[in-house]
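> have a look at this prediction, sequence included:
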Amino acid sequence: MENSGLVVHGQSAPFSTALRSLVNNPWHSDICFVVGQERQEVFAHRCLLACRCNFFQRLLGPGVPSPVVLSTVPAEAFLAVLEFLYTNSVKLHRHSVLEVLTAAVEYGLEELGELCLEFVVKVLDVELVCEALQVAVSFGLGALQERCITFIEAHSQEVLRTRGFLELSATALLPVLRSDKLCVDETELIQAARSWARVGAAVLDQPVAEVAAPVVRELRLALLAPAELSALEEQNRREPFIPVWTPVTELRSILPRGDEEQGPGTSVSVVTRFPLQVEQIVEAWKCHALQRGDAARSAPCRRRRGTLPRDHHRFLDFRFK
């Protein structure tokens with residue numbers, strides 16, 4: 001009978017330490033990366049990267065010259081990726097973990113990504129949560145997105161004052177504005193959304209109302225008292241934020257029937273086009289005038305967790321869920 005072999009293990013710590021010493025070590029390295037905007041040189045070993053990661057196996061195929069430029073990944077995050085590939089462990093830091101997570105997703109390193117997600121949840125705070133939400137939305141990380149939204153719901157006022165909130169994309173901001181559990185009054189949320197749109201307008205060189213258009217429909221103007229709604233309307237005249245839709249008149253020439261080959265005819269039709277989107281401010285006033293929440297079904301009027309009570313709220317049909 002043939003004897004079966006027995007796998008025995010030596011000490012893992014010295015092995016890990018030895019491999020860690022090879023991270024960014026030019027000794028016997030056969031590939032150099034130029035990473036980040038600082039164009040930092042990082043040394044590595046092709047065979048180790050290729051056997052540990054399919055991304056690098058494809059990237060470092062035969063004939064690929066050195067150095068390889070990876071300008072979108074910061075040097076610190078790339079070194080963390082290498083540390084994980086060499087040692088199957090990594091030291092994470094709060095200030096760079098989202099960059100490591102982004103690299104892990106892009107390079108298909110699921111285990112590293114899970115380690116990063118666990119770390120993010122542990123260190124999540126007011127300053128980090130919006131940046132984490134943006135990463136979650138960008139890469140479809142549903143569990144992280146839910147965790148970030150829950151955190152924002154509990155710390156709404158503090159989060160709205162952060163730089164990270166102002167830098168959110170419209171796609172990432174939408175799930176925040178759709179939440180019924182935000183602990184903030186609508187007036188503060190409107191002001192925060194206006195500040196967000198101003199920053200976006202400056203960055204994109206576009207009008208504030210154009211930048212705000214994808215998200216303003218989630219603002220619940222019907223929650224405002226008449227005096228607050230009037231003030232918002234006046235401010236919106238001075239600085240357009242909530243789009244005001246007006247009829248558009250279009251002039252169109254008409255070809256006489258049967259004379260298409262002779263060129264355009266001289267008759268002109270006037271076509272007036274009314275946009276389908278209803279002005280939010282008008283809908284909010286309708287809610288006040290009719291004293292029924294169902295009069296403004298096209299404009300959300302559910303009270304949020306942090307909505308301050310106003311006299312007309314007793315007419316709203318939609319209850320907090």
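That came through fine. Residues are numbered from 1 along each chain as shown.
> CA only for contacts and neighbour counts going forward, please
OK.
> can you show me the strands along the stretch 151-300 of the chain?
248-253, 268-273 (DSSP state E, counting those that start in this stretch).
> burial count for the closest residue to E153 other than its chain neighbours?
Distance criterion CA to CA, 6 or more residues apart in numbering; nearest residue to E153, sequence neighbours excluded, is L182 at 4.3 Å. Applying other CA atoms under 10 Å, we find 25 residues neighbouring L182.
> ramachandran coordinates for V34?
Main-chain dihedrals, V34, degrees, to the nearest 10: phi -110, psi 110.
> per-residue pLDDT, it?
Looking at V34, its pLDDT is 97.
> would you mind measuring from it to L59?
Distance of V34 to L59, computed by CA to CA, to the nearest Å: 14 Å.
> likewise for S138?
23 Å.
> P74 too?
In this view, P74 and L59 are 18 Å apart by CA to CA.
> same question for A77.
18 Å.
> same thing with L290?
65 Å.
> one more: A213?
From A213 to L59 the distance is 41 Å (CA to CA).
> go on, F84?
18 Å.
> in this structure, where is pLDDT below threshold?
1-2, 244-278, 291-300, 317-321 (pLDDT under 70).
> enumerate every residue touching the residue lying closest to V126 once chain neighbours are set aside.
Among residues not flanking V126 along the chain, V159 sits closest, at 5.5 Å (CA to CA, 6+ apart). Shown in contact with V159 (CA atoms under 8 Å, 6 or more residues apart in numbering): 126-127, 129-130, 152, 165.
> follow-up on the earlier one: neighbour count for V34 and L59, which is higher?
Neighbours were counted for V34 and for L59 using other CA under 10 Å; V34 has more, 19 against 14.
> gap between that one and H95?
Where H95 is concerned, V34 sits at a distance of 22 Å (CA to CA).
> starting at the chain centroid, how far to the helix or strand hosting E131?
Under the criterion DSSP states H and E, the helix or strand holding E131 is helix 129-139. Relative to the centre of its chain, helix 129-139 is centred 5 Å away, using CA atoms, centre = their mean, to the nearest Å.
> same question for stretch 120-137.
11 Å.
> which outside residues touch it?
Residues contacting stretch 120-137 (CA under 8 Å, 6+ apart): 94, 97-98, 102, 141-142, 144-145, 147-149, 151-152, 155, 158-159, 162-165, 168-169, 171-172.
> what do you get if the cut-off is 7 Å, keeping everything else the same?
94, 98, 142, 144-145, 148, 158-159, 162, 164-165, 168, 172 (CA atoms under 7 Å, 6 or more residues apart in numbering).
> stretch 66-81 too?
31-37, 40, 90, 96, 99-100, 103.
> let's have the residues you listed in TSV, adding distance to E188.
Converted to TSV, those look like this (distance: CA to CA, whole Å):
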residue	distance to E188
I31	53
C32	51
F33	47
V34	45
V35	42
G36	38
Q37	37
Q40	44
V90	41
S96	31
E99	31
V100	34
A103	36
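> ChimeraX command for the buried members of those residues?
Those of the contacts of stretch 66-81 that count as buried under 16 or more other CA atoms under 10 Å are selected in ChimeraX with:
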select :31,32,33,34,35,36,40,90,99,100,103
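> how about the helix ranked longest in the chain: buried residues?
Longest helix in the chain by number of residues, with DSSP state H as the criterion: helix 186-204. By neighbour count with 16+ other CA under 10 Å, helix 186-204 contains the buried residues 186-187, 189-190, 192-201.
> so can I have TSV of the residues you listed showing distance to A222?
Below are the buried residues of helix 186-204 laid out as TSV (distance: CA to CA, whole Å):
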residue	distance to A222
E186	10
T187	11
L189	13
I190	12
A192	17
A193	16
R194	17
S195	21
W196	21
A197	21
R198	23
V199	26
G200	26
A201	26
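> what's the burial count for the nearest residue to N24 once chain neighbours are set aside?
For N24, ignoring the flanking residues on the chain, the nearest one in space by CA to CA, 6+ apart is F43 at 4.4 Å. For F43, the neighbour count with other CA under 10 Å is 22.
> am I right that F43 is in a strand?
Yes. Assessed with DSSP: H, G, I helix; E, B strand; the rest coil, F43 lies in a strand.
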